[in-house]
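Peer 1: take a look and give me a structure for this.
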Amino acid sequence: MTYSLGRQSRQNLIGVHPKLVDVVERAIDLSEQDFTVFEGLRTVERQREYVKKGVSKTMNSKHLKQADGYGHAVDLVPYIDGTARWEWGPIYEVAAAMCQAAKEQGTLLTWGGAWDRRINGMDCVASRMKAEVEQYCARHPGPDFIDGPHYELVV
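Peer 2: Presented below is the predicted three-dimensional model:
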């Protein structure tokens, strides 16, 4: 099945770096799981609020406007039965599509499921994306902020 980005997803891509937007647009074409662009560019105030709530760990977020005037991060959340859902199984499907799209376009991305590797060096299959998260957790024991819906442009 072919999916497409909805009005709100397109709205949430405003202010995001064009290379990252291109990857997201290709990923929705490739994805076996529908998803929504939950968030792109953030204000400093919103980021401060997220850090205070503990849903973000830094004020140095790539969601904030960077030196080139664009946000360099998006959060893509699986869209199931008309609802955004943060479930790992579908998150791996979205990650596989983002992996393939990034490779096709030659755009380097970091994925919040495995922060220490570029998604471009991963196998673009949902089961392998799951294994990447497990391997990352083994390399980084203890508390860590695994963020499966998060993708960052590497510039």
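Peer 1: so how far is residue 137 from the spatially closest residue to residue 57 that is not a sequence neighbour?
Peer 2: Nearest residue to residue 57 in three dimensions, chain neighbours excluded: residue 145, at 5.2 Å (Cβ to Cβ, 6 or more residues apart in numbering). Backbone N, C-alpha and C define where each C-beta goes, glycine included. Distance, residue 145 to residue 137, by Cβ to Cβ, to the nearest Å: 11 Å.
Peer 1: also residue 13?
Peer 2: Residue 13 is 30 Å from residue 137, by Cβ to Cβ.
Peer 1: now for the longest helix along the chain, which elements pack on it?
Peer 2: Secondary structure of the chain read by DSSP state H shows that its longest helix is helix 88-105. Under the contact criterion of 3 or more Cβ pairs under 8 Å, 6 or more residues apart in numbering; DSSP states H and E, helix 88-105 touches helix 18-30, strand 73-80, strand 109-111, helix 126-139.
Peer 1: could you export the ones you listed as CSV, including mean neighbour count, distance to residue 66 and mean pLDDT?
Peer 2: Formatted as CSV, the helices and strands packed on helix 88-105 follow (neighbours: other Cβ atoms under 10 Å; distance: least, Cβ to Cβ, whole Å; pLDDT from 0 to 100):
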stretch, mean neighbour count, distance to residue 66, mean pLDDT
helix 18-30, 19, 11, 98
strand 73-80, 22, 9, 97
strand 109-111, 23, 14, 98
helix 126-139, 16, 25, 97
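Peer 1: these: which one's closest to residue 86?
Peer 2: strand 73-80 (6.2 Å; Cβ to Cβ).
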